[in-house]
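Participant: when you get a sec, could you give me coordinates for this:
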Amino acid sequence: MKATFIRESLPQQMAGNIPEEIHEFFRRFATQGFDIWLVGAGVRALLMDQLMVNPDFTTNATPQEMQKLFPDSFYDNTFGTVGIPQKIVRGGDEREEVFEVTTYRTEHGYSDKRRPDKVVWGKTLEEDLSRRDFTINAMVIGLDKNQKSKIKKQKLLLVDPFNGRGDLEKKLVRAVGEASERFQEDALRMMRAIRIGTQLKFTIEEKTLAAIQTNAQLLEHVSRERVRGELLKILASDQPADGVLLLRASGLLQYIVPEMLAMQGVKQIGHHIYDVWTHAIESLRGCPSKDPIIRLATLLHDIGKPKTAQPRDGKEVTFYGHEVVGARMVKDMAERLRFSRKEIERLTTLVRWHMFAYDTQMTDAAIRRFIRRVGVDNINDMMMLRVGDRVGGGSKSTSWRLRELQQRIGEQLYEPLTVKDLKIDGHDVMKLVGIKPGPEVGKILNKLFEEVIEDTRKNEREYLLKRTEELHKNSNN
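Facilitator: I've put the predicted structure just below:
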């Protein structure tokens, strides 16, 4: 794709949608003789009449020159990006936002397929835009220096070298220049193409998609943290299921969560109308939560089924213990993608216990045990997963049983559900029976809690102290 560097005046109505803080930002650079351009997602948002969030800029000023111009700015990387705090006023409310401004640059060599071996400050806007990933990200808006009026009245220019505006109108994600070259420079761009397409509900341009399929294995060179970040952004979009389908179609999924591919074509019985793979996709589509961790757990809740599939009576297939196997698989996947310890715990808990069942004969104690297994903080998440699971199985999003269970869970949330809810604590135990901090204190408290979770009337201080003495005495006999 050849750059044409179309420059056209930005319509006054669009220019009027740019916040005054950005106009002032432009003027601040211009008065010192520097070029400054709004670039990337901010331009896309403006052209699509959407809210502009966290705008990025590019300039011919070096980081050192920007820091002289903005003494409160900060600069701590090798890629020429300077953070410049700005006061933003909206509806009478004032807040601080950081504008990120990057010096024009050219990049040389990508031996690790992740980052340039060498970065050199560029001299022109043209060479800076030529190194960018997608046409819709290679457009800029800035002051028209050819206008002879005063700076405050200068018009704004849209510079669009690769017809990004045309691709916006066509709803296409297209690589700048040769797609394979862009992806070999930074393999994460392949996931970004899927993520941007998913977020904007755009199609990946044919040659760009073919280049992703050809270069998919390069994703192995990208840090797992960066891969995880793009995956979560895809899952947090309005079309997460379509994003996962694109990851599979592009060949990228096998380098992210290869375990999922084994789910394809695995048939199910009973109320299920889809194979395991399609069920997972439709469960994700039906999950009402916007939390990407809950969505990921919903997508992967049956990931253990292929490994546990067993024929029965020559026709039916069972998946006994798939939730246990699945929890281990999800833990391995999450550790591989460098999820946080808390995120790993949430994911594995949701997958491990998603096979819960309810009937009206369940006691309140059984409901409390269920809450304890899942964790109070995870109960609502589990309900969101179950809704997705139902939809993915071809059922309605809820049922009278699920509604009744939710009601009973709500009633039990006011009852003791953890050791911390006991009306005595470790200090009481140590003082009463004369022992020092150690395992015995925890054992006594856990035994007391097991009694209380069965019968919450026992959570009375007098009773608990009496039982503490009895438990300590029995442990010494």
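Participant: now Gln239: how far from Arg226?
Facilitator: Distance of Gln239 to Arg226, computed by Cβ to Cβ, to the nearest Å: 22 Å. To be clear about C-beta, it is placed using only N, CA and C from the backbone, and glycine gets the same treatment.
Participant: Ile379 now?
Facilitator: Between Ile379 and Arg226 the computed distance is 32 Å (Cβ to Cβ).
Participant: what do you get for Lys68?
Facilitator: Taking Cβ to Cβ, one finds Lys68 at 33 Å from Arg226.
Participant: so those two - more neighbours on which side?
Facilitator: Comparing Lys68 with Arg226 by neighbour count (other Cβ atoms under 10 Å), the higher total belongs to Arg226, at 18 against 12.
Participant: show me what contacts the residue nearest to the spatial centre of the chain?
Facilitator: Centroid-nearest residue in the chain, with Cα atoms, centre = their mean: Leu232, separated by 2.5 Å. By Cβ atoms under 8 Å, 6 or more residues apart in numbering, the contact set of Leu232 is Pro292, Ile293, Leu296.
Participant: the second one touches Thr348, doesn't it?
Facilitator: Yep, that's Ile293 we're talking about. No. Contact status for Ile293 versus Thr348: not in contact, 11.2 Å apart, counting by Cβ atoms under 8 Å.
Participant: quick check: mean pLDDT of the helix or strand harbouring Glu94?
Facilitator: In this structure, Glu94 sits in strand 93-103 according to DSSP states H and E. For strand 93-103, the mean per-residue pLDDT is 89.
Participant: now do stretch 230-246
Facilitator: Stretch 230-246 comes out with an average pLDDT of 98.
Participant: and stretch 178-195, by the same measure?
Facilitator: In this model, stretch 178-195 has an average pLDDT of 96.
Participant: ok, and what's touching that stretch?
Facilitator: With contact meaning Cβ under 8 Å, 6+ apart, stretch 178-195 is reached by 1, 107, 110, 113-116, 131, 133-134, 173, 175-176, 204, 207-208, 210-212, 214-216, 218-219, 221-222, 226-227, 230-231, 233-234, 237, 243, 246-247, 250, 252, 256.
Participant: mark which of these are buried, thanks.
Facilitator: Buried subset of the contacts of stretch 178-195 (neighbour count, 16 or more other Cβ atoms under 10 Å): 1, 107, 110, 113, 115-116, 131, 133-134, 173, 175-176, 204, 208, 211-212, 215-216, 218-219, 221-222, 226-227, 230-231, 233-234, 237, 243, 246-247, 250, 252, 256.
Participant: tell me the confidence at Pro311?
Facilitator: pLDDT at Pro311 comes out at 82.
Participant: and Gly270, by the same measure?
Facilitator: 70.
Participant: contacting residues for the closest residue in space to Val376 that isn't next to it in sequence?
Facilitator: Among residues not flanking Val376 along the chain, Leu417 sits closest, at 5.7 Å (Cβ to Cβ, 6 or more residues apart in numbering). Contacts for Leu417 were tallied using Cβ under 8 Å, 6+ apart; they are Arg368, Ile371, Arg372, Val376, Ile453.
Participant: likewise Val39?
Facilitator: Asp56, Phe57, Thr58, Asn137, Met139, Val140.
Participant: strands of the stretch 151-300 of the chain, start to end?
Facilitator: In the stretch 151-300 of the chain, the strands defined using DSSP state E, counting those that start in this stretch lie at 156-160, 172-173, 203-204.
Participant: one more: the stretch 301-450 of the chain?
Facilitator: Using DSSP E, counting those that start in this stretch, strands in the stretch 301-450 of the chain cover 310-312, 316-318.
Participant: from the contacts of Leu417, which is closest to Thr124?
Facilitator: Val376 (58.2 Å; Cβ to Cβ).
Participant: determine the number of other residues adjacent to that closest one.
Facilitator: 14.
Participant: coming back round to it: next, check the contacts of Val39 against the strands and list the overlap.
Facilitator: Among the contacts of Val39, the members found in strands (DSSP state E) are Asp56, Phe57, Thr58, Val140.
Participant: what about the helices in the stretch 151-300 of the chain?
Facilitator: For the stretch 151-300 of the chain, the helices defined by DSSP state H, counting those that start in this stretch occupy 164-170, 179-185, 188-200, 206-215, 224-235, 240-250, 276-286, 292-300.
Participant: mean confidence score for the first one?
Facilitator: This points to helix 164-170. pLDDT averaged over helix 164-170 gives 95.
Participant: for that helix, give me every contacting residue.
Facilitator: By Cβ under 8 Å, 6+ apart, helix 164-170 touches 44, 47-48, 134-139, 158, 173-174, 205.
Participant: and these, which are buried?
Facilitator: Buried among the contacts of helix 164-170 (16+ other Cβ under 10 Å): Arg44, Leu47, Phe134, Thr135, Ile136, Asn137, Ala138, Met139, Leu158, Val173, Arg174, Glu205.
Participant: contacts for stretch 282-293?
Facilitator: Contact partners of stretch 282-293, identified using Cβ under 8 Å, 6+ apart, comprise 232-233, 235-236, 240-241, 244, 274, 294-295, 298-299, 301, 343, 346-347, 381, 384-385, 387-393, 397.
Participant: now, of the residues you listed, which are buried?
Facilitator: With neighbours counted by 16+ other Cβ under 10 Å, those contain buried members at 232-233, 235-236, 240-241, 244, 274, 294-295, 298-299, 301, 343, 346-347, 381, 384-385, 387-393.
Participant: any chance of the helices of the stretch 151-300 of the chain in TSV, plus distance to Glu316?
Facilitator: Putting these into TSV (distance: least, Cβ to Cβ, whole Å) gives the following:
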stretch	distance to Glu316
helix 164-170	48
helix 179-185	45
helix 188-200	37
helix 206-215	37
helix 224-235	33
helix 240-250	28
helix 276-286	15
helix 292-300	24
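Participant: identify whichever of the ones you listed lies nearest to Gly92.
Facilitator: helix 188-200 (30.9 Å).
Participant: can you point out the buried residues in that closest one?
Facilitator: Across helix 188-200, burial judged by 16+ other Cβ under 10 Å covers 188-200.
Participant: then stretch 251-260?
Facilitator: Neighbour-count burial for stretch 251-260, counted by 16+ other Cβ under 10 Å, picks out Gly251, Leu252, Leu253, Tyr255, Ile256, Val257, Glu259, Met260.
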